[in-house]
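Peer 1: predicted structure and sequence below. I'll ask about it afterward.
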Amino acid sequence: MTQTSESLSIAIKDSVIHSRKDTMSGMPVFKGTRVVVKNLFDYLASGYSLDVFLDDFPSVSREQAVGALEIAKEALESYAYESASR
């Protein structure tokens, strides 16, 4: 049985990102950590590599960080397709 892109995306989100009001004021964090996902994008935007981020936040796995980037990529692609169809 093969997963659809949508079900794969949901599986990635469930294993990567967690958000609850009582954890970091509801900001999305990497599951099993208190590391805010925004930190990853801030590091990359500042010119740091993924390896530097992972060294600075050892509780985040490479798979989680790459999964967060995949989620962002899918969201941007979806936004672009929706904008183009308007």
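Peer 2: The structure has been received and is ready for your questions.
Peer 1: which stretches in this protein count as helices?
Peer 2: Applying DSSP state H to the chain gives helices spanning 5-16, 37-45, 50-56, 62-84.
Peer 1: any idea which residue is closest to the centre of the chain?
Peer 2: Ala68 (2.0 Å; C-alpha atoms, centre = their mean).
Peer 1: now do it, the pLDDT please.
Peer 2: Note on Ala68: pLDDT of 94.
Peer 1: distance of it relative to Val29?
Peer 2: 10 Å (C-beta to C-beta, to the nearest Å). C-beta here means a position set from N, CA and C on the backbone, and glycine is covered the same way.
Peer 1: again, but for Pro58
Peer 2: 15 Å.
Peer 1: now do Gln64
Peer 2: For Gln64 relative to Val29 (C-beta to C-beta), the value is 10 Å.
Peer 1: ok, now which ones touch Leu40?
Peer 2: Shown in contact with Leu40 (C-beta atoms under 8 Å, 6 or more residues apart in numbering): 53, 60, 65, 68-69.
Peer 1: any chance of these in a markdown table, plus distance to His18?
Peer 2: As requested, the contacts of Leu40 are exported to a markdown table (distance: C-beta to C-beta, whole Å):
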| residue | distance to His18 |
| --- | --- |
| Phe53 | 18 |
| Val60 | 12 |
| Ala65 | 14 |
| Ala68 | 11 |
| Leu69 | 17 |
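Peer 1: among those residues, which two are most distant?
Peer 2: The most widely separated members of the contacts of Leu40, counting by C-beta to C-beta, are Val60 and Leu69 (12.0 Å).
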